[in-house]
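Student: Pasting the sequence and the predicted model now:
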Amino acid sequence: MIFATGNEGKMKEIRTIMADFCREIYSMKEAGIEINVEENGQTYEENALIKARAVAVHTQDLVLADDSGLEIDWLNGEPGVYSARYMGEDTSYRVKNANLISRLEGVPEEKRTARFVCAIAAVLPGGRELTVRAAIEGRIGYEEKGDNGFGYDPIFFVPEIGKTTAELGEAEKNRISHRGKALGLMKEELGKL
Ligand code: ITT
């Protein structure tokens, strides 16, 4: 299986989550496929399919891709499908996270609702395509907390657990996360074939 991502943080989680399904999982780079894909879809599913298809033309293996993002209700769903590009791809997450917190200044707890969304697309050998989606609900915190995970994890607070996803261990995050749940659904779908 080749996973069409260049994001190391995602790849680390994906390897662990998919370990019981497939023993040989290669990132694009490990598979020797170094392409730059323009993610110009309108939805997570479209973008995940764009990435998976772009890699699938280079291989006979099963190809999966993840498109994900953070939706903040107070900001009308921003940054959403533009999560990676928000404030520019090269801007550090320290700066992006600080910016989002400042945009929520004065917003009360109950209106700080947000979710991480993840769509996973698969392109099977032979061309058949599948997509699944899952989300995890949470709230935007008042400061960055935790050193685990990646991206927006330090500001994504999970009320039921009382921690940000950057304060969770890898196994704990994978058990409840958008990516953990979406990959679980994809394993089920692939298992039915
Ligand atoms: P690939 O397209 O190469 O997979 P990417 O980082 O560009 O990598 P996306 O286009 O799917 O991936 O953007 C998703 C962004 O959403 C990601 O860069 C993070 O900023 C954010 N994100 C997604 N899942 C996250 C998670 O579990 N924890 C923190 N931030 C996350």
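Tutor: Ah, there it is. Residues are numbered from 1 along each chain as shown.

Student: Skipping adjacent residues, who's closest to the spatially most central residue of the chain in space?
Tutor: For the chain, S68 is the residue whose C-alpha lies nearest the centre (C-alpha atoms, centre = their mean; 3.7 Å). Distance criterion C-beta to C-beta, 6 or more residues apart in numbering; nearest residue to S68, sequence neighbours excluded, is C118 at 4.1 Å. Yep, even glycine has a C-beta here, placed from its N, CA and C like the rest.

Student: swap in I72?
Tutor: Per C-beta to C-beta, 6+ apart, closest to I72 is A114, 4.5 Å.

Student: Then D147?
Tutor: A166 (6.3 Å).

Student: Work out for me the element the closest residue to Y142 other than its chain neighbours sits within.
Tutor: By the measure of C-beta to C-beta, 6+ apart, the closest residue to Y142 outside its immediate chain neighbours is I101, 6.7 Å from it. Assessed by DSSP states H and E, I101 sits inside helix 93-103.

Student: quick one: contacts of that helix?
Tutor: Helix 93-103 is contacted by residues 72, 74-75, 79, 86-87, 140-144, 150-152, 154-155 when judged by C-beta atoms under 8 Å, 6 or more residues apart in numbering.

Student: partners of the residue nearest to S68 in the sheet?
Tutor: S68, A134 (DSSP bridges).

Student: How about the contacts made by it?
Tutor: Y44, D66, D67, S68, R133, A134, A135, S177, H178, R179, K181, A182.

Student: For this protein, which residue gets nearest to the ligand?
Tutor: Closest residue of the chain to the ligand, C-beta to the nearest ligand atom: G151 (2.6 Å).

Student: can you pull out the helices in the protein?
Tutor: 8-18, 44-56, 93-103, 170-176, 178-192 (DSSP state H).

Student: Name the residues of the last one that are buried.
Tutor: To tie it back to what came earlier, the one meant is helix 178-192. H178, R179, G180, K181, A182, L183, G184, L185, M186, K187, L190 (16 or more other C-beta atoms under 10 Å).

Student: How about the shortest one?
Tutor: Residues of helix 170-176 classed as buried: E172, K173, N174 (neighbour count, 16+ other C-beta under 10 Å).

Student: who's in contact with the second one?
Tutor: In other words, K173. If you count contacts by C-beta under 8 Å, 6+ apart, then K173 has E13, N148, G149, D153, T165, G180 around it.
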